[in-house]
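**Q** Attaching a predicted model along with its sequence, questions to come.
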Amino acid sequence: MIIEEKKMKDKILILDVDEVLRNLIQAVLDQYNLKYKTKFVKEDITDYDIKIALTEIHNTIDYFYENAKKCFLYSKPFDDIHNVITKIQKQLGYHIRVTTNQFKQLESYTIEWLNLHNIPYDSLIFTSDKSWVTGDIIVDDNPEFIISSPCKNKILMKRPWNKEYWYKYDSIENIKELPNKIIEIEKRENKK
């Protein structure tokens with residue numbers, strides 16, 4: 001579902017929301033640790049399926065629906081995200097296509113979160129299948145979306161659950177690294 005599309009620029013950067021822009025796992029852990037009196041940290045989540053580590057979560061979908069506001073709306077953005085995206089838009093000339101796999105009927109939390117944190121973007125797409133979303137570069141933490149993306153250039157956001165892919169793709173640990181990684185990719189492409 002395409003929510004909004006502004007005037008297109010020549011280059012398109014596809015950005016995932018959760019664990020690229022929004023620190024969702026930390027919000028989940030904060031909620032879980034408070035409720036179950038545990039002390040999990042982000043490095044404890046080594047699989048994309050969080051219920052493997054967080055065993056009190058029996059159904060991930062139910063958990064997210066029951067805790068949607070706390071998880072999706074109250075999550076913090078990663079540091080300096082506004083400045084990073086603005087630089088990519090204005091200095092590097094990219095159309096920012098935010099593309100996320102959001103649970104049905106919870107999309108409004110992501111829209112509200114983007115607006116609340118003044119996250120700049122040019123278009124917004126909610127889809128569980130990113131293989132049809134075109135662009136020049138995709139940034140995601142989910143290896144399945146990286147693998148299936150039609151984008152020529154792929155950047156994996158390094159997370160504990162995707163370690164085996166860190167050296168198969170361009171990778172970054174922090175969103176602040178993204179502008180330099182894009183410049184590196186553009187230089188590499190221009191040499192071809």
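**A** Right, received. Where do you want to start? Residues are numbered from 1 along each chain as shown.
**Q** quick one, phi psi at Lys69?
**A** phi -60, psi -50 (degrees, to the nearest 10).
**Q** Relative to Lys168, how far out is it?
**A** Taking C-beta to C-beta, to the nearest Å as the measure, Lys69 falls 36 Å from Lys168. Quick note: C-beta positions are derived from backbone N, CA and C, even for glycine.
**Q** Quick check: end-to-end length of stretch 45-59?
**A** 16 Å (C-alpha to C-alpha, to the nearest Å).
**Q** Contacts made by it with the rest, please.
**A** The set of residues external to stretch 45-59 that reach it, using C-beta atoms under 8 Å, 6 or more residues apart in numbering, is 25, 28-29, 32, 35-36, 40, 44, 60, 63, 142, 160-163.
**Q** again, but for stretch 25-43
**A** By C-beta under 8 Å, 6+ apart, stretch 25-43 touches 18-19, 45, 50, 53-54, 56-57, 67, 70-72, 74-76, 159-160.
**Q** Just checking, which helix or strand of the protein averages the lowest pLDDT?
**A** strand 2-5 (a mean of 50; mean pLDDT, DSSP states H and E).
**Q** what does the domain assignment say about the chain?
**A** Using automatic domain parsing, the domain ranges for the chain come out as 2-23+77-191, 24-73.
**Q** Dump those into JSON lines; add mean neighbour count as well.
**A** Shown next, in JSON lines, are these (neighbours: other C-beta atoms under 10 Å):
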{"stretch": "domain 2-23+77-191", "mean neighbour count": "17"}
{"stretch": "domain 24-73", "mean neighbour count": "15"}
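**Q** ok so Ile14 is a strand residue?
**A** Yes - counting by DSSP: H, G, I helix; E, B strand; the rest coil, one finds Ile14 located in a strand.
**Q** The host helix or strand of Gln31 - what's its average pLDDT?
**A** Using DSSP states H and E, the element containing Gln31 is helix 24-36. Mean per-residue pLDDT for helix 24-36: 95.
**Q** Which pair of the contacts of stretch 45-59 spans the longest distance?
**A** Lys35 and Lys163 (28.0 Å; C-beta to C-beta).
**Q** could you say what helices and strands the strand ranked longest in the chain packs with?
**A** Secondary structure of the chain read by DSSP state E shows that its longest strand is strand 94-100. The helices and strands touching strand 94-100, judged by 3 or more C-beta pairs under 8 Å, 6 or more residues apart in numbering; DSSP states H and E, are strand 11-15, helix 81-90, strand 123-126.
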